[in-house]
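1. Sequence and predicted structure, then a few things I'm wondering about:
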Amino acid sequence: MRVSLLDRSRTRAGESDAAALATTVERAVRAEELGFHRFWTAEHHAVPGIAASAPAVLLAAIGARTNRIRLGTGGIMVPNHSPMVIAEQALLLEALFPGRFDLGLGGSLGFTAPIRRALGRTALRENEYPDEVEEVRRYLSGAADITVRPRVEPPPTFMLAIKGGMILAADLGLPVVAGGPLLRDADRLAAYFQDFRPSPAAPDPYLVVNVDIAVAETAERARDLLLPEAWAYADSREVGEFRALRPVEEVCRLLDETTSAMKLRAVDDWLSGAIAGTPDQVVDSLTDLVERTGAAELLANVSTYDRSEVESIDEFLASLRTP
């Protein structure tokens, strides 16, 4: 099992965006020392509590501080950019860090209506996203009318399963990254493997599972470590933004005081898609996940208020990897 990390540059209460980004870079350096396979960053625009907006820029900073770990965009959201610009950024990162860059592509629009308007895309027409993905691939391969620079070997491309990405990945013969409710959808997972069309990029299906993970000495403590992110998710349903992570104790108090049944359901819903427990319990849960989905790689999201807890969980996850 390959084990990799996804870092969304989440801020903590009272922490600046710049500090969160600096921590992401330092975490990537440590991830390389621990032996993780990949370190991926995400794209979020104008979302309070999430500092990362330009994964390609952030990966350039991380690449300058690392030597071996693979770097990936998890992902670049195709509707927000010109396909030519996406290809240029990918090729530039591949040129700077040869053989280390992975291009993850997704189809999400901006988080809110004002953000979507600011990005210039408020809706997607039928087939618009697949067509633009194919345009990116033509630029990468050198098959487009314009030859983009730098001209280097195109990096591996991964599809995020959102917005029909799993079907698209099977059709194009590409690896796919799936998380959330999709990991419980046996039919859609099976369809990816059954409908996969081998390609030069990937002769066989390759599924990466993305899941939130917390590990502690007790199952109760591990669950508590997930609460800051679960609360931020539930809060976002009401306020339209992901706020900075709060301390576990504060979130526990807020949960005890809330009278919103909808918010409590949202917290439980988020927790149901995560994996938490003692080391042995997490190993059992991950083994079941891999066997049930056919995954070849784990892309872990570790997000709690206390950064020392994040470091401890990273160390545990690194111990699970195969050489």
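-> All right, it came through fine.

2. Neighbours of residue 273, how many?
-> 16 (other CB atoms under 10 Å). For glycine as for every other residue, the C-beta is placed from the backbone atoms N, C-alpha and C.

3. From residue 127, how far out is the closest residue to it other than its chain neighbours?
-> Spatially, and ignoring its direct neighbours in sequence, residue 273 is nearest to residue 180 (5.6 Å; CB to CB, 6 or more residues apart in numbering). Applying CB to CB, to the nearest Å, the value for residue 180 to residue 127 is 24 Å.

4. next one: residue 102
-> From residue 102 across to residue 127, the span is 25 Å (CB to CB).

5. same question, residue 107
-> Taking CB to CB, one finds residue 107 at 12 Å from residue 127.

6. who has more neighbours, these two?
-> Set residue 107 next to residue 127 and count neighbours by other CB under 10 Å: residue 107 wins out with 23 against 10.

7. From residue 159, how far off is that one?
-> 9 Å.

8. for residue 318, same thing?
-> Between residue 318 and residue 159 the computed distance is 26 Å (CB to CB).

9. again with residue 81
-> From residue 81 to residue 159 the distance is 16 Å (CB to CB).

10. more neighbours, those two?
-> The residue with more neighbours, out of residue 81 and residue 159, is residue 159; 28 against 19, by other CB under 10 Å.

11. Am I right that the more buried one sits in a strand?
-> Yes - checked against DSSP: H, G, I helix; E, B strand; the rest coil, residue 159 lies within a strand.

12. Offset the numbering so it begins at 19, please.
-> Let's use 19 as the start, then, which means that last one is residue 177.

13. Isn't it up against residue 191?
-> No - counting by CB atoms under 8 Å, residue 177 does not reach residue 191; the two are 10.4 Å apart.

14. thinking again about what came up before, if I look at residue 125 and residue 177, which residues touch both of them?
-> Listed as contacting both residue 125 and residue 177 by CB atoms under 8 Å, 6 or more residues apart in numbering are 151, 183.

15. Now do the phi/psi pair for residue 277.
-> phi -110, psi 10 (degrees, to the nearest 10).

16. and it, what is it in contact with?
-> The contact partners of residue 277, by CB under 8 Å, 6+ apart, come to none.

17. what do you get for residue 266?
-> With contact set as CB under 8 Å, 6+ apart, residue 266 has these partners: 242, 243, 245, 246, 322, 323, 324.

18. quick one: the second one is in a strand?
-> The reference is to residue 243. No - under the criterion used here (three-state DSSP), residue 243 is helix, not part of a strand.

19. the helices in this protein, which residues?
-> Using DSSP state H, the helices of the chain run over 35-52, 73-83, 101-114, 131-137, 146-159, 183-190, 204-213, 237-257, 266-275, 279-290, 297-311, 325-338.

20. Show me which residues of the last one are buried.
-> Spelled out, it's helix 325-338. With burial defined by 16 or more other CB atoms under 10 Å, the residues of helix 325-338 counted as buried are 327, 328, 331, 332, 334, 335, 336, 338.

21. same thing with the fifth one?
-> By neighbour count, with 16+ other CB under 10 Å as the criterion, the buried positions of helix 146-159 are 147, 148, 150, 151, 153, 154, 155, 156, 157, 158.

22. Same check on the second one?
-> For helix 73-83, a neighbour-count test (16+ other CB under 10 Å) marks 73, 74, 76, 77, 78, 80, 81 as buried.

23. The third one is in contact with residue 40, isn't it?
-> Read it as residue 76. No - applying CB under 8 Å as the test, residue 76 and residue 40 come out as separate, 10.8 Å apart.

24. picking that back up, would you list the helices of the chain in CSV and tack on mean pLDDT and distance to residue 172?
-> Listed next are those as CSV, based on pLDDT from 0 to 100; distance: least, CB to CB, whole Å:
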stretch, mean pLDDT, distance to residue 172
helix 35-52, 98, 23
helix 73-83, 98, 15
helix 101-114, 98, 7
helix 131-137, 91, 25
helix 146-159, 96, 4
helix 183-190, 96, 13
helix 204-213, 96, 22
helix 237-257, 93, 34
helix 266-275, 95, 43
helix 279-290, 94, 36
helix 297-311, 97, 28
helix 325-338, 97, 29
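
25. Show the contacting residues for residue 138.
-> Counting by CB under 8 Å, 6+ apart, residue 138 makes contact with residue 98.

26. Look up phi and psi at it.
-> Main-chain torsions, residue 138, degrees, to the nearest 10: phi 90, psi 10.

27. Check the gap between it and residue 207 for me.
-> From residue 138 across to residue 207, the span is 34 Å (CB to CB).
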